[in-house]
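Colleague: Here is a sequence together with a model predicted from it:
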Amino acid sequence: MLTSTATRKSVNRLKEHLDMMKQELNMTNKQIKQLENKNTTEWESLDKVGGRSIDDLRQHENDIAKEIVKIQKEIKKSRSKTLLIAELAVLPAIFLLIFMSGVTDNLLDSPQNQVTQMKSRYFTENLKGDTVDVWKSWRLTGTTLTVNILKSPRVTDHQLDVIHNAVTSEKTAEFDDSIVHKGPRGSSSVYYQGWAGALKSATNENTEYRIPTNFDFTDTQDGVGDIIITLSNIKDSDGYTGYTKSITEENEILKSFITIYDISNLTDDQLATIVRHEFGHALGLGHSTAPEDLMAPTIDMTIPYISECNVDAIVDLYNANEGKQTVCKK
């Protein structure tokens, strides 16, 4: 049997491999989209990326997805071994304590020595039927929110572009559901790279309150704006990357404040992802129970985009269903 230390090392190696596979998957997906966006003339002269055709890339994408699923299963199995080793390690100490305390069968059976409190740990992974909390909504007369970005001196124009894109992009990406265990291979879901596209999709449904779809950006230091984004180079003492606080009255959001920490050490993908997540809170969404969803408390970077379930949650929220949960269809 592996020791606890050896098992932890094994899990760490698997995690490193998993991160590499996820990066490879994202790169392959981008290459596929690059070829799909070529027009007919361009296809005649350039039908490959990195020496691979679109069919080769799609096969490679499927192979990576299989490998990711395999690694995730191995990580779960290794974690179970770690827990078992830890439990076995403490058993001798427990038996020794029982023996030294002089506990007898009669004492255990006596009413005054019966256990009055019991604790249990429970975990379940729900592949379908996960939920997204919906909290409070904006009550707008139009469809525009003003976003004020307060930046530190070391924030670059490129980082500002990344933030703008995470809010205003209307681009979508399509991923196979099997990557995040939401369906069989071959079925797929649409994800949104920016909130503008996701929110415009949500307006296909008639809602009681207006859904914000337009964003005016400013960078004044006087606190003007509906959503204030503070970009900080300081690390949060509790280890958080982002934080959102909203001022509300009854069920209406009056103002939201987003803080992004340690921005100088975030990659573009990490920065865009945490902005999407915190902006979801600023719009009124809570957390998701799906570990791979953008609105999960700890963000999984496998597909760091706005899901169809997030869009459904926005529709529910702006249909006056505050303080409830949206059940994901996948």
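Modeller: Looks like it arrived, so ask away.
Colleague: Name the residues that touch stretch 211-218?
Modeller: Here stretch 211-218 makes contact (Cβ atoms under 8 Å, 6 or more residues apart in numbering) with 138, 140, 142-149, 164, 167-168, 196, 199-200, 202-203, 224-225, 283, 314-315, 318. Every residue, glycine included, has its C-beta placed from N, CA and C.
Colleague: Go again with 7 Å.
Modeller: Stretch 211-218 has contacts (Cβ atoms under 7 Å, 6 or more residues apart in numbering) with 138, 140, 143-149, 164, 167-168, 196, 199-200, 202-203, 224-225, 314, 318.
Colleague: Just the buried ones out of those, please.
Modeller: 138, 140, 145, 147-149, 164, 167-168, 196, 199-200, 202-203, 225, 314, 318 (16 or more other Cβ atoms under 10 Å).
Colleague: what are the ranges of the strands in the stretch 201-330 of the chain?
Modeller: Using DSSP state E, counting those that start in this stretch, the strands of the stretch 201-330 of the chain run over residues 214-218, 227-231, 242-249, 252-260, 285-288, 324-327.
Colleague: oh sorry, the question was meant for the stretch 51-200 of the chain
Modeller: 52-53, 131-134, 144-151, 172-176, 188-192.
Colleague: for those strands, which one ends up most surrounded?
Modeller: strand 131-134 (a mean of 22; mean count of other Cβ atoms under 10 Å).
Colleague: That strand - contacts with which helices or strands?
Modeller: strand 285-288, helix 308-317, strand 324-327 (3 or more Cβ pairs under 7 Å, 6 or more residues apart in numbering; DSSP states H and E).
Colleague: ok, the residue nearest the centre of the chain to Tyr261 distance?
Modeller: Geometric centre of the chain, nearest residue: Leu294, 2.7 Å, by Cα atoms, centre = their mean. Separation of Leu294 from Tyr261 (Cβ to Cβ, to the nearest Å): 18 Å.
Colleague: okay, now the domains of the protein?
Modeller: Using automatic domain parsing, the domain parsing of the chain gives 4-113, 131-327.
Colleague: Out of the ones you listed, which is the most enclosed?
Modeller: Buried most deeply of the domains of the chain, by mean count of other Cβ under 10 Å, is domain 131-327, with a mean of 18.
Colleague: Please state the mean pLDDT value computed over that one.
Modeller: Domain 131-327 comes out with an average pLDDT of 94.
Colleague: now the end-to-end length of it.
Modeller: This stretch, domain 131-327, spans 4 Å end to end (Cα to Cα, to the nearest Å).
Colleague: What is the distance between that domain and the centre of its chain?
Modeller: Distance of domain 131-327 from the chain centroid (Cα atoms, centre = their mean, to the nearest Å) equals 11 Å.
Colleague: What of stretch 16-35?
Modeller: That offset, for stretch 16-35, works out to 17 Å (Cα atoms, centre = their mean).
Colleague: Please apply the same query to stretch 61-69.
Modeller: Its chain's average C-alpha position is 20 Å from that of stretch 61-69, according to Cα atoms, centre = their mean.
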